[in-house]
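coordinates only, sequence not included:
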């Protein structure tokens, strides 16, 4: 991700794992927008504090096959 930092405006993370908190901090320092997509109950507080959150269950109708 960081090698391509100048090639995007928004990072979309599809995980709720708090291990990604440091990555989000690093990307946000570069003035990039961060969106986290996960399901309720499977997203860490650390990510909720750092990014806009989208609940994947609310998109179920749009992404279901």
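Sure thing, it's come through. Everything quoted here is computed from the prediction, not taken from an experiment.

which residues touch residue 50?
Counting by CB atoms under 8 Å, 6 or more residues apart in numbering, residue 50 makes contact with 21, 24, 25, 28, 34, 36. For the C-beta atoms, the positions are set from N, CA and C on the backbone; glycine is no exception.

what's around the second one, how many residues?
The burial metric for residue 24, expressed as a neighbour count using other CB atoms under 10 Å, is 19.

Spell out which two among the contacts of residue 50 are the most distant pair, please.
Of all pairs drawn from the contacts of residue 50, the one with the longest distance (CB to CB) is 25 and 36, at 13.0 Å.

higher neighbour count, those two?
Between residue 25 and residue 36, residue 36 has the larger neighbour count (other CB under 10 Å), namely 22 against 12.

With adjacent residues omitted, what lies nearest to the more buried one?
Once its chain neighbours are removed from consideration, residue 36 has its nearest residue in residue 51; the separation is 4.4 Å (CB to CB, 6 or more residues apart in numbering).

from what I can see the one you found touches residue 15, true?
No: Residue 51 is not in contact with residue 15 according to CB atoms under 8 Å; the separation is 11.1 Å.
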